[in-house]
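*Asks:* all I have is the shape, not the residue letters:
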């Protein structure tokens, strides 16, 4: 059964609930500068935030600027990130990106998509995360969690990540757009998970359009919300 698109009113309620649940959402990657965020997000591809944090917690106190990491070289950087998946390719990309930042951008992370995506290892998703989290721009980075959640709930149905991204930017009210990425990724990571979503704990199960949510306990949550709304 195809999932229905959420209505405008349902989307408003959806984000009001997520905001109430997490008033100050933020990335779970550890960083203290746009450059550290850029490196952390680059390393996080096909890796968990936990694994990245373990590596960067050792790396950043030693090297957290383009010059310092470039000075480590590929081999030296690998010693810090070898517990992360695809670390060989990631080390090479980070070193190349550092060189470009030093030579073309005065060691400053650019705040525009074109220059970010020109850096090795930086695709659209990584650029969106940096633009949103470091520079406060209204972008939407769609990872596997957000892609799943958008299609499952009816918030943003799309065949690929770009379609979901564009749909989200179109339907999310302006008051929520800056924090929407974090709300969605955290909800997808901890509640609307892939195989056994926690619909019985979900704060938005009554506006979700996924037909199978009742099999995972959504009915009880909906009944509770209905009673609360009546009181």
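*Replies:* Looks like it arrived, so ask away. If you're wondering where the values come from, they're calculated on a predicted model, not measured in any experiment.
*Asks:* what is the burial count for the nearest residue to residue 153 once chain neighbours are set aside?
*Replies:* Leaving aside its sequence neighbours, residue 153 sits nearest to residue 208 (CB to CB, 6 or more residues apart in numbering; 4.6 Å). Heads up, the C-betas are built off the backbone N, CA and C, glycines and all. The local packing count at residue 208 equals 24, with neighbours defined by other CB atoms under 10 Å.
*Asks:* look up how far residue 138 lies from residue 208.
*Replies:* 24 Å (CB to CB, to the nearest Å).
*Asks:* residue 128 now?
*Replies:* Taking CB to CB as the criterion, residue 128 is separated from residue 138 by 10 Å.
*Asks:* between the two, who's got more neighbours?
*Replies:* The residue with more neighbours, out of residue 128 and residue 138, is residue 128; 22 against 13, by other CB under 10 Å.
*Asks:* so what's the more buried one up against?
*Replies:* Contact analysis of residue 128 by CB atoms under 8 Å, 6 or more residues apart in numbering lists 139, 140, 141, 142, 165, 181.
*Asks:* following the biggest helix by length in the chain, which helix or strand comes up?
*Replies:* In the chain, with assignment by DSSP state H, the single longest helix is helix 87-104. Of the helices and strands lying after helix 87-104 in sequence (DSSP states H and E), the nearest is helix 113-117.
*Asks:* domain ranges for the protein?
*Replies:* Domains of the chain are assigned by automatic domain parsing as 8-25+143-230, 34-133.
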